[in-house]
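# Got a predicted structure plus its sequence, pasted below:
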Amino acid sequence: MTDSHTSGRCGWCGTDPLYIAYHDTEWGVPERDSRALWEKLVLDGFQAGLAWITILRKREGIRDAFDGFDPEIVARYDETDVQRLLGDARIIRSRAKINAAIRGAQIWLEMREQAQNGGEDFSEWLWSFVGGEPIHTPFADYRQAPTQTEQSVAMAKALKKRGFNFCGPVIVYAFMQAVGMVNDHQTTCFRHAQVRAMAGHG
């Protein structure tokens, strides 16, 4: 016997209302906004070694502690800010992860400046690893999905080359799933078709 949350949704979100809401409204939705993509990459970096539900529960606190993830502000953080963050129980208090977020903001600004001068936009650059369009997978069970792919390995390598940290192939694949570069909602999940339609493949 299956209940509604297992028969109508991906099995990974369980019964936690926060997780269900995230699954039903955010996960897998194609995100094209450069700043939003950077924020999600930072959050996935903070997740390294932890469960995603931990980040979800702390997300608003992390967002507040990092000035709404405004890259212009975060890029200027100094040691005083690092100490403030290390003392903030609302976030993941890891100096390495905090420093990675600050450095990431600086790189994001550099890339935006390059984009204004004819270079690649951060969003376009990330989406280029999947050919600019979401990949729709045919898995009937979420456990069939891989933990990394050829695309996530390539993106992780490119991010590291630019100076980003906490962006290995597994973290990057989770990021790609979350921001809709890959539609890994299981095919039995009501969101699979909805997300496919959002991507223009309804």
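Received the coordinates, thanks.
# Which helix or strand in the chain has the lowest average pLDDT?
helix 4-7 (a mean of 46; mean pLDDT, DSSP states H and E).
# where exactly do the helices run in the protein?
Using DSSP state H, the helices of the chain run over residues 4-7, 17-25, 34-47, 52-65, 71-74, 79-86, 95-116, 122-127, 150-162, 169-178, 190-198.
# could you dump those helices to CSV with distance to residue 134 and mean neighbour count?
In short, each C-beta sits where N, CA and C put it, glycine included. Shown next, in CSV, are the helices of the chain (distance: least, C-beta to C-beta, whole Å; neighbours: other C-beta atoms under 10 Å):
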stretch, distance to residue 134, mean neighbour count
helix 4-7, 24, 12
helix 17-25, 17, 14
helix 34-47, 14, 22
helix 52-65, 20, 16
helix 71-74, 25, 18
helix 79-86, 34, 13
helix 95-116, 22, 18
helix 122-127, 9, 20
helix 150-162, 11, 17
helix 169-178, 9, 22
helix 190-198, 8, 17
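# how near is residue 83 to residue 37?
Separation of residue 83 from residue 37 (C-beta to C-beta, to the nearest Å) stands at 28 Å.
# Now do the closest residue to residue 86 other than its chain neighbours, the pLDDT please.
Of all residues not flanking residue 86 in the chain, residue 93 sits nearest, at 5.3 Å (C-beta to C-beta, 6 or more residues apart in numbering). Note on residue 93: pLDDT of 96.
# do you know how far residue 93 is from residue 39?
Note on residue 93: its distance to residue 39, by C-beta to C-beta, is 19 Å.
# Also residue 136?
25 Å.
# how about a markdown table for the helices of the chain, with distance to residue 144 added?
Formatted as a markdown table, the helices of the chain follow (distance: least, C-beta to C-beta, whole Å):
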| stretch | distance to residue 144 |
| --- | --- |
| helix 4-7 | 15 |
| helix 17-25 | 17 |
| helix 34-47 | 21 |
| helix 52-65 | 19 |
| helix 71-74 | 36 |
| helix 79-86 | 38 |
| helix 95-116 | 30 |
| helix 122-127 | 24 |
| helix 150-162 | 16 |
| helix 169-178 | 13 |
| helix 190-198 | 13 |
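# ok, of those helices, where does mean pLDDT dip lowest?
Of all these, the minimum mean pLDDT falls on helix 4-7 (a mean of 46).
# Now for the nearest residue to residue 20 once chain neighbours are set aside: which residues touch it?
Distances taken as C-beta to C-beta, 6+ apart place residue 13 nearest to residue 20, at 5.3 Å, with adjacent residues excluded. Contacts for residue 13 (C-beta atoms under 8 Å, 6 or more residues apart in numbering) come out as 5, 19, 20, 22, 23.
# wouldn't the third one be in contact with residue 9 here?
Looking back up the chat, that one is residue 20. Yes. Between residue 20 and residue 9 there is a contact under C-beta atoms under 8 Å: 7.1 Å.
# Name the nearest residue to residue 106, sequence neighbours excluded.
Leaving aside its sequence neighbours, residue 106 is closest to residue 75 (4.5 Å, by C-beta to C-beta, 6+ apart).
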